[in-house]
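Visitor: got a predicted structure plus its sequence, pasted below:
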Amino acid sequence: MTRFAPYLFSLMLLFVTACGGGSDQQQAEDQTTDTQATEQADDVRTIEIVGIDRMKFVVDGEEEGITTGEKMGDYVLLESITAKPGEEIRISLYTESDLPASAMAHNFVLLTMNADAAAFANAASKARDNDYIPTDMEDQIIAHTDLAAGGETVEVTFTAPEETGEYEFLCSFPGHYSGGMKGILNVEE
Ligand SMILES: [Cu+2]
C-alpha cells in the first residue's frame, strides 16, 4: 500500500489545484455581475395615497410622518402628513374604483395656509372644464395633481412651505371635500 502513496498524493494535489483555479474564476465573474446590478436612487420622500369610492384619502397602514384614523376596508384613513419646512415631498395618488371617470375621479390639492377650503371646493365643483381646478383661485394652491380615474395613478412633487403651520389638502372633485376627502399637512420643525 505505502508505495502507492506518493502517486496518490500528487494526484490529489493536482485535483485541488485545478478546482481551486476554477472557483477563483467563478468568484471573479460573480463580483462583476454584482457591480453591474445597481439600483436607481431617488431620495424624495413619497407618500402613496389611495382614493376610494367612499370619498376618502386612505393609506395601506401606519407609517412615519403621517397620522391615520379609522379602518377603511383594507386601508386606514389618512388624516395628516407631517413635513419639515422646505422638505421635498412626492404625493402618489391611486384611484381605486370601477366607476366611470365622470362619476368618480380624485385629485390631491394642497392649499395655502389662509385659503378657505370650503369656498375653494365650492368654486372647484363649477370648474369642470379645467378638471375641477378653479383658475381664479390658483393663487391659493401650493401644489396639485391631475385627476386620476379608476385604476390610474397621478403624482405631484412639491416643496413644503417654509412657514410652519397647518395647510389643508383636499380632493376637488364635486362633493368629495364635503364627503370628507381632505386632510392636513403639518409643517413643523
Ligand atoms: Cu375625490
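Guide: Good, I have the coordinates.
Visitor: neighbours around the closest residue to residue 161 other than its chain neighbours, how many?
Guide: Closest residue to residue 161 apart from its sequence neighbours, by C-beta to C-beta, 6 or more residues apart in numbering: residue 187 at 5.6 Å. Every residue, glycine included, has its C-beta placed from N, CA and C. Number of residues near residue 187 (other C-beta atoms under 10 Å) recorded here: 21.
Visitor: pretty sure residue 187 sits against residue 164.
Guide: Yes: Residue 187 is within contact range of residue 164, at 5.0 Å (criterion: C-beta atoms under 8 Å).
Visitor: low-confidence stretches in this protein?
Guide: Applying pLDDT under 70 to the chain flags residues 1-41.
Visitor: endpoint to endpoint, stretch 168-184 covers what distance?
Guide: Stretch 168-184 has an end-to-end distance of 5 Å (C-alpha to C-alpha, to the nearest Å).
Visitor: how far out from the middle of the chain is stretch 177-189?
Guide: With C-alpha atoms, centre = their mean, to the nearest Å as the basis, stretch 177-189 stands 17 Å off its chain's centre.
Visitor: paired strands for the helix or strand residue 183 falls within, with orientation please.
Guide: When elements are assigned from DSSP states H and E, residue 183 belongs to strand 182-187. With DSSP bridges as the test, strand 182-187 is paired with strand 75-83 (parallel), strand 165-170 (antiparallel).
Visitor: and the first one with the ion, contact?
Guide: No: contact of strand 75-83 with the ion (C-beta under 5 Å from the ion) is absent, the minimum separation being 12.5 Å.
Visitor: can you check stretch 92-108 too?
Guide: Yes: contact of stretch 92-108 with the ion (C-beta under 5 Å from the ion) involves residue 106.
Visitor: just the buried positions in that stretch, please.
Guide: Applying a neighbour-count criterion of 16 or more other C-beta atoms under 10 Å, one finds 92, 93, 94, 95, 96, 97, 104, 105, 106, 107, 108 buried in stretch 92-108.
Visitor: repeat that for stretch 153-173.
Guide: Residues of stretch 153-173 classed as buried by neighbour count (16+ other C-beta under 10 Å): 154, 156, 158, 160, 161, 167, 168, 169, 170, 171, 172, 173.
Visitor: so is it next to the ion?
Guide: Yes: shown here: stretch 153-173 in contact with the ion (C-beta under 5 Å from the ion) through 171, 173.
Visitor: now the buried residues of stretch 153-173 as CSV including distance to residue 65?
Guide: Compiled in CSV, these are given as follows (distance: C-beta to C-beta, whole Å):
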residue, distance to residue 65
154, 21
156, 17
158, 15
160, 11
161, 16
167, 15
168, 18
169, 14
170, 19
171, 20
172, 24
173, 26
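Visitor: good, wrapping up.
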